[in-house]
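1. What shape does this take:
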Amino acid sequence: MRPNRLRTLWQSGGAAVNGWLAIANSFSAETMAHQGWDTLTIDLQHGVVDYQAMVTMLQAISTTDTVPVVRVPWLEPGILMKTLDAGAYAVICPMISTREDAQKLVAYTHYAPRGTRSFGPVRALLYGGADYPQQANDTIVTFAMIETAAALDNLDAIMSVEGLDAVYIGPSDLSLALGCKPTFDDVDPPVAQAIDHILARAKAHGLVAGIHNGGPQAALARIAKGFQFVTVSSDARLMAAGAQQIVGAMRAGQGLS
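-> Reported below is the predicted structural model:
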């Protein structure tokens with residue numbers, strides 16, 4: 001089976017620089033993949049992406065060594081299994097708040113006897129290789145998103161679930177859960193404390209910790225703290241920022257700013 005470079009990177013002590021794909025287009029996904037990201041995450045939860053678009057985007061990412069990741073919309077077995085069947089090498093599941101949630105997530109993403117994933121790796125065989133069925137359980141990476149007050153209360157119970165590989169912090173939803181303004185980088189003190197606590201507990205449980213960031217400065221600071229999966233911006237935000245820079249320069253040059 002094709003190795004999961006995400007696991008290899010983590011085993012060497014490195015941190016994955018993850019890009020985010022919210023635009024439902026294979027060409028934009030391919031363009032992003034050729035820029036050198038370690039991983040790219042297709043966002044089915046908040047991005048404007050449906051399943052068929054996701055498949056074409058996974059195919060586009062496959063033109064590079066970038067590891068394909070998908071954030072599913074919810075803890076629902078059908079979409080988790082179809083996402084893996086399409087060739088995702090990691091899945092991020094939002095709003096995992098209890099040990100039972102985490103147990104379901106692990107079950108849905110693993111074949112028996114570890115889990116209840118149904119067999120039908122239609123594209124995963126093409127991407128992963130003929131021995132995908134035998135190796136998938138040890139190759140695929142499963143992230144639980146920690147972003148609710150209940151998840152903070154149940155942190156150790158969630159992280160002790162066997163088969164869970166990593167946790168991923170959504171700072172905006174975590175901020176809302178703690179009564180603070182939703183943001184990625186300059187979070188309020190209670191959120192900063194919660195983020196540090198999640199990271200510490202992940203390390204204690206031997207799990208990788210990941211987090212969403214708005215820019216590279218915050219991502220680098222979080223890598224220095226011990227995060228090994230950092231998302232920086234998104235295709236939509238990068239396109240908007242690049243366009244704003246060009247238009248701003250043109251308007252200034254015309255004396256119109």
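
2. which one's the longest helix in this protein?
-> Once the chain is assigned using DSSP state H, the helix that runs over the most residues is helix 235-253.

3. Contacts for that one, please.
-> Helix 235-253 is contacted by residues 19-23, 28-29, 32, 233, 257 when judged by CB atoms under 8 Å, 6 or more residues apart in numbering. Every C-beta, even on glycine, is put in place using the N, C-alpha and C of the backbone.

4. can you give me the helices in the protein?
-> Using DSSP H, helices in the chain cover 5-11, 26-33, 51-61, 77-85, 99-108, 124-128, 132-139, 149-153, 155-159, 171-177, 189-205, 216-225, 235-253.

5. could those helices go into JSON lines alongside distance to residue 71, mean pLDDT and mean neighbour count?
-> JSON lines is the format used below for the helices of the chain (distance: least, CB to CB, whole Å; pLDDT from 0 to 100; neighbours: other CB atoms under 10 Å):
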{"stretch": "helix 5-11", "distance to residue 71": "14", "mean pLDDT": "98", "mean neighbour count": "16"}
{"stretch": "helix 26-33", "distance to residue 71": "14", "mean pLDDT": "98", "mean neighbour count": "19"}
{"stretch": "helix 51-61", "distance to residue 71": "10", "mean pLDDT": "98", "mean neighbour count": "20"}
{"stretch": "helix 77-85", "distance to residue 71": "9", "mean pLDDT": "98", "mean neighbour count": "20"}
{"stretch": "helix 99-108", "distance to residue 71": "13", "mean pLDDT": "98", "mean neighbour count": "20"}
{"stretch": "helix 124-128", "distance to residue 71": "18", "mean pLDDT": "98", "mean neighbour count": "19"}
{"stretch": "helix 132-139", "distance to residue 71": "19", "mean pLDDT": "98", "mean neighbour count": "16"}
{"stretch": "helix 149-153", "distance to residue 71": "16", "mean pLDDT": "97", "mean neighbour count": "17"}
{"stretch": "helix 155-159", "distance to residue 71": "17", "mean pLDDT": "98", "mean neighbour count": "19"}
{"stretch": "helix 171-177", "distance to residue 71": "12", "mean pLDDT": "96", "mean neighbour count": "21"}
{"stretch": "helix 189-205", "distance to residue 71": "18", "mean pLDDT": "98", "mean neighbour count": "16"}
{"stretch": "helix 216-225", "distance to residue 71": "17", "mean pLDDT": "98", "mean neighbour count": "16"}
{"stretch": "helix 235-253", "distance to residue 71": "14", "mean pLDDT": "96", "mean neighbour count": "12"}
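
6. of all those, which lies closest to residue 44?
-> Nearest of the helices of the chain to residue 44, taken as CB to CB: helix 51-61 at 6.3 Å.

7. can you give me how far the closest one is from the chain middle?
-> 16 Å (CA atoms, centre = their mean, to the nearest Å).

8. quick one: contacts of that helix?
-> With CB under 8 Å, 6+ apart, helix 51-61 has contacts from 21, 24-27, 29-30, 33, 40, 42, 44, 49, 68, 70, 79, 82-83, 86-88, 123, 127.

9. burial of the residue nearest to residue 180 when sequence neighbours are not counted, as a residue count?
-> Ranked by CB to CB, 6 or more residues apart in numbering and with sequence neighbours excluded, the top spatial neighbour of residue 180 is residue 188, at 4.0 Å. Using other CB atoms under 10 Å, residue 188 has 14 other residues around it.

10. In contact with residue 188: list those residues for me.
-> Each residue near residue 188 by CB under 8 Å, 6+ apart is listed here: 175, 178, 180-181.

11. if I look at it, how far off is residue 88?
-> Per CB to CB, to the nearest Å, residue 188 is found 33 Å from residue 88.

12. repeat for residue 106
-> Residue 106 is 16 Å from residue 88, by CB to CB.
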